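K.L.:
Build me a model from this:
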Amino acid sequence: MSSRTGGTTAFDRLRARFDGRPHACEECGFVDEESEWAAATTGATVEYRHECPGCGDTTVRRYRL
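P.N.:
Prediction:
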């Protein structure tokens with residue numbers, strides 16, 4: 001059963017929070033209204049990445065488990 005915030009796991013819900021907000025690039029200032037974050041995990045960390053459509057810079061959010 002999925003929750004109201006969009007997902008069945010804590011990782012899905014956190015990514016839904018990132019995806020649900022516009023992201024302003026720290027490098028060029030471009031505001032991506034439809035930002036989508038890619039998620040990957042090593043088992044010890046989970047990493048969310050967003051690539052700016054304006055300049056190609058990558059923002060990374062990393063969490064240790």
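K.L.:
my guess is Thr58 meets Cys52, correct?
P.N.:
Yes - here Thr58 lies in contact with Cys52, judged by CB atoms under 8 Å, at a distance of 7.5 Å. C-betas here are computed from N, CA, C, even on glycine.
K.L.:
Which of these two has more residues huddled nearby?
P.N.:
Cys52 (20 against 12; other CB atoms under 10 Å).
K.L.:
Quick check: phi and psi on Gly56?
P.N.:
The phi/psi pair for Gly56 (degrees, to the nearest 10) reads phi 90, psi 0.
K.L.:
Please report the distance of it from Glu27.
P.N.:
According to CB to CB, to the nearest Å, Gly56 stands 9 Å off from Glu27.
K.L.:
just Val60 next, same as before
P.N.:
Distance from Val60 to Glu27, by CB to CB: 13 Å.
K.L.:
So what's the residue count around Pro53?
P.N.:
Pro53: 11 neighbours (other CB under 10 Å).
K.L.:
Actually, Ala10.
P.N.:
10.
K.L.:
Read off the pLDDT value for it.
P.N.:
Here, the pLDDT recorded for Ala10 equals 82.
K.L.:
now it: how far from Cys28?
P.N.:
32 Å.
K.L.:
Identify the residues contacting the closest residue to Asp57 other than its chain neighbours.
P.N.:
In this structure, Asp57 finds its nearest non-sequential neighbour in Glu27, 3.9 Å apart by CB to CB, 6 or more residues apart in numbering. Counting by CB atoms under 8 Å, 6 or more residues apart in numbering, Glu27 makes contact with Cys52, Cys55, Asp57.
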